[in-house]
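Visitor: Next input, structure requested:
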Amino acid sequence: MTARPPGARGPGPEADVLDFPLPPPGTMGPPEEAARLRATCPLARVRMPMDATAWYATRYEDVRKLFADSRLIRPTINDWPSRPGQPADDGPRLVTIAELDGPRHAALRRALAEPFSARAVRHRLPRIRRLAEQLLRAFQEDGRPGDLVAGFTDPFPLLVLCDLVGVPFGDRDRFLPVLEEALSAMVTSQEGRRVTDLLHEYVAGLITLKRNRPGDDVLTSLVRQCDDGVLGHDDVMAFGLSMLTVGFGISGFFLADTVHILLGRPDLWALLRDDRTMMPGAVEEFLRYMPVMNGTVILLATEDVELHGQRIHKGEAVIPVPASANRDERIFADADRLDLSRTGSGHLAFGRGTHNCLGAHLARAELTVGLEALLDRFPRLHPAEGQEPTWDDESVTKSPLTLPVSW
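Guide: All right, here's what the predicted structure looks like:
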């Protein structure tokens, strides 16, 4: 679909539907429409890139409530958007932890509570730092200038997750291309089925591997609980699919965006380099400020929901937008300013409710360790002369594709 400018109206019955808000080309964002929508139309109908429509919620309090509303559930990529005229898809769904509900979801979260706890993540910090150093050493040896996205911000969260979960990092060239398709705007049920089958096949192979050759990792632990009858095979499959589809990508986006901002603010780079006591608060502010989550969470109403005098009908999609909520002027003073001394953030980068981000502690650790390792190894890191970052201007999840740097 060829997008019209933000705010353009369609003819006839679609006249009140906006095109999906995207940041200005070549930028991280947030979309220029977000502030206007918060002020004048906090629940707007938007047209998605795949020609579906959804309700787009931009205010902090609304996003916070919608995340925790049990009447809203996550659909699989096989079930939404609906594809009229195409054959029904009766095969397995791409079900992750986000799509699970009820007792199965609760049992899986209990099984994962300890390995993803704050205590367990703290225990792994030295290992996470070694993984960061391993990548940065290789990046430095490749010479300057270099692309920090390809050399560090992309592979670092993936390497950390593979190490924890038990996914072979060497398999990345096998599953990453499939993931790109799974997370893109697929328009046919056949495409969705093909990607689902490939990911199911890969995770099923991992489960068999862990059963035959156990390791010291989370996936092995879940396979043992499956064999003991605590979890079902589909629950372990949901965990594996979760780790592949969302377990590392968002962390990489936050890290790349944060470094991009700091490269343009050498005063802040020097501040963090010279005073590491600021890092915990700075990480929370980066999570609030970076407009990564501009529309990646899609929920379906299981019954009618009323909000701001509008009726969200059963079966309609809702998009709570943390990237907008975290810039809400009603909640955050001077919300569009990056303030590394800000306290009491209360951001919604990790969602809320029963489906709040399982890996929140790990994501914080990855951002913290990644920044500290960069500050230590490259204290004078700066943009490469004559080279600009590149962006995917069609993506709703904004992060530089390349980040040319020197040191």
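Visitor: Show me the residue at the heart of the protein, geometrically.
Guide: Taking Cα atoms, centre = their mean, the centroid of the chain lies closest to residue 250, which sits 3.2 Å from it.
Visitor: ok, and the closest non-adjacent residue to it?
Guide: Counting by Cβ to Cβ, 6 or more residues apart in numbering, residue 250 lies nearest to residue 292, which is 6.5 Å off, once chain neighbours are set aside. Glycine gets a C-beta too; all of them are placed from N, C-alpha and C.
Visitor: in the stretch 51-200 of the chain, which ranges drop under the pLDDT threshold?
Guide: Counting by pLDDT under 70, the ranges of the stretch 51-200 of the chain that qualify are 83-90, 181-189.
Visitor: what about the helices in it?
Guide: 60-67, 102-113, 118-141, 148, 155-165, 172-182, 189-212 (DSSP state H, counting those that start in this stretch).
Visitor: for these, which one sits closest to residue 218?
Guide: Smallest distance to residue 218 across the helices of the stretch 51-200 of the chain (Cβ to Cβ): 4.9 Å, for helix 155-165.
Visitor: Can you check what angle separates that closest one from helix 118-141?
Guide: With axes from the mean of the first three to the mean of the last three Cα atoms, to 10 degrees defining the directions, helix 155-165 sits at 140 degrees from helix 118-141.
Visitor: So what touches helix 155-165?
Guide: Applying Cβ atoms under 8 Å, 6 or more residues apart in numbering, the external contacts of helix 155-165 come out as 115, 124, 127-128, 131-132, 134-135, 167-169, 172, 217-219, 240, 243, 247-249, 251-252, 255, 362-363, 366, 370.
Visitor: Okay, buried residues for the helix or strand containing residue 226 please.
Guide: Per DSSP states H and E: residue 226 is located in helix 218-227. Buried residues in helix 218-227, counted by 16 or more other Cβ atoms under 10 Å: 218, 219, 220, 221, 222, 223, 225, 226.
Visitor: Over to stretch 62-79?
Guide: Buried residues in stretch 62-79, counted by 16+ other Cβ under 10 Å: 62-67, 69, 72, 74-79.
Visitor: now it: how far from the chain's centre is it?
Guide: 15 Å (Cα atoms, centre = their mean, to the nearest Å).
Visitor: next one: stretch 282-293
Guide: In terms of Cα atoms, centre = their mean, the centre of stretch 282-293 is set 12 Å apart from its chain centre.
Visitor: picking up where we left off before, how much space is there between the residue nearest to residue 250 and residue 110?
Guide: 29 Å (Cβ to Cβ, to the nearest Å).
Visitor: So which of those two has more stuff around it?
Guide: Just comparing residue 292 and residue 110: by other Cβ atoms under 10 Å the higher neighbour count belongs to residue 292, 27 against 12.
Visitor: Now the phi/psi pair for the residue nearest to residue 297 when sequence neighbours are not counted, please.
Guide: Of all residues not flanking residue 297 in the chain, residue 320 sits nearest, at 5.9 Å (Cβ to Cβ, 6+ apart). When quoted as degrees, to the nearest 10, the phi and psi of residue 320 stand at phi -80, psi 130.
Visitor: pretty sure residue 320 is in contact with residue 59, am I right?
Guide: No: the pair residue 320 / residue 59 is not scored as a contact, 9.7 Å apart, by Cβ atoms under 8 Å.
Visitor: Tell me which of those two has more neighbours.
Guide: Remark: of residue 320 and residue 59, residue 320 carries more neighbours, 28 against 22, as counted by other Cβ under 10 Å.
Visitor: hang on, the earlier thing: can I get the buried part of the contacts of helix 155-165 as one PyMOL selection?
Guide: If you want just the buried ones from these in PyMOL, going by 16+ other Cβ under 10 Å, the selection is:
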select buried, resi 115+124+128+131+132+135+167+172+217+218+219+240+243+247+248+249+251+252+255+362+363+366+370
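Visitor: picking up where we left off before, quick one: what helix or strand has the residue nearest to the centre of the chain in it?
Guide: With DSSP H and E as the test, residue 250 turns up in helix 249-264.
Visitor: CA atoms of that helix as PDB?
Guide: Only the C-alpha atoms of helix 249-264 are listed here, as PDB (Å, rounded to 0.1, in the frame of the first residue of the first chain):
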ATOM      1  CA  GLY A 249      15.000  -7.700  18.800                       C
ATOM      2  CA  ILE A 250      13.500  -5.000  21.000                       C
ATOM      3  CA  SER A 251      16.600  -4.900  23.300                       C
ATOM      4  CA  GLY A 252      18.800  -4.400  20.200                       C
ATOM      5  CA  PHE A 253      16.500  -1.600  19.000                       C
ATOM      6  CA  PHE A 254      16.700   0.200  22.400                       C
ATOM      7  CA  LEU A 255      20.500  -0.200  22.500                       C
ATOM      8  CA  ALA A 256      21.000   1.100  19.000                       C
ATOM      9  CA  ASP A 257      18.700   4.100  19.500                       C
ATOM     10  CA  THR A 258      20.400   4.900  22.800                       C
ATOM     11  CA  VAL A 259      23.800   4.900  21.300                       C
ATOM     12  CA  HIS A 260      22.500   7.000  18.300                       C
ATOM     13  CA  ILE A 261      21.200   9.600  20.700                       C
ATOM     14  CA  LEU A 262      24.400   9.700  22.800                       C
ATOM     15  CA  LEU A 263      26.600  10.000  19.700                       C
ATOM     16  CA  GLY A 264      24.700  13.200  19.000                       C
END
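Visitor: Renumber starting at 135 from here on
Guide: Happy to do that; since the first residue is 135 now, the last one works out to helix 383-398.
Visitor: average pLDDT across that helix?
Guide: For helix 383-398, mean pLDDT is 96.
Visitor: quick one, that helix and helix 289-299 angle?
Guide: 150 degrees.
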